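K.L.:
Sequence first, then the predicted structure:
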Amino acid sequence: MNLTDVFNSVKAHKRRKRIGRGAGSGHGKTAGRGQKGLGSRTGANYLRGFIGGQTQLKNRLPKVGFNNAVHATVYQPVNLAFLDAHFENGETVDFQTLRARGVQIRRGDLVKVLGAGELGKNLTVKVNAISAAAREKVEKAGGTVELIPVAQKAGKVKDASVE
């Protein structure tokens with residue numbers, strides 16, 4: 001027999017704490033709840049995030065930004081350098097040809113041509129939007145730009161002019 005075994009047997013037969021059963025029990029009067037405050041009351045239920053009367057963490061953190069992702073118009077960007085590398089002179093750039101050349105465009109996606117890179121080919125560009133720099137470079141190379149209107153959720157047609 002070891003001393004550790006003796007301790008284990010004592011620990012195994014420890015009586016449960018009966019609170020609120022008089023001063024002689026050692027757990028009477030306030031029954032282990034302390035004095036005053038919400039925690040000492042019956043049916044106490046702190047609100048989530050409550051930290052003892054001081055300003056809650058969620059109120060101390062700054063309110064950052066504005067997220068309008070539900071109504072935002074999101075475009076799939078395509079640069080002029082990509083058009084110059086993947087299209088031949090005189091071709092038309094639209095959803096089908098871009099998808100065939102490897103641009104990941106899902107149904108319902110909008111395409112915007114951006115002006116990064118140079119364009120040395122005569123292309124007809126049919127997209128939803130185009131930057132001012134990209135439009136200038138396409139027209140300078142002898143190409144044309146046709147904008148496809150963007151239908152909004154309200155059923156109105158948004159003017160997809162130069163942005």
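P.N.:
Perfect, thanks for sending it.
K.L.:
mind listing the helices in this protein by residue range?
P.N.:
With DSSP state H, the ranges of helices along the chain come out as 3-12, 57-60, 80-86, 95-100, 132-140.
K.L.:
So which bits of the shortest one are buried?
P.N.:
Pointing back at helix 57-60 there. For helix 57-60, the buried set under the neighbour-count rule, 16 or more other Cβ atoms under 10 Å, is empty. Every C-beta, even on glycine, is put in place using the N, C-alpha and C of the backbone.
K.L.:
State the mean pLDDT of it.
P.N.:
In this model, helix 57-60 has a mean pLDDT of 91.
K.L.:
Outside of that helix itself, list whatever touches it.
P.N.:
49, 51 (Cβ atoms under 8 Å, 6 or more residues apart in numbering).
K.L.:
Only alpha carbons, please: show it as PDB.
P.N.:
Below are the C-alpha coordinates for helix 57-60, written out as PDB (Å, rounded to 0.1, in the frame of the first residue of the first chain):
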ATOM      1  CA  LEU A  57     -15.100  45.100 -26.100                       C
ATOM      2  CA  LYS A  58     -17.400  45.300 -29.100                       C
ATOM      3  CA  ASN A  59     -18.100  49.000 -28.200                       C
ATOM      4  CA  ARG A  60     -14.500  49.800 -27.700                       C
END
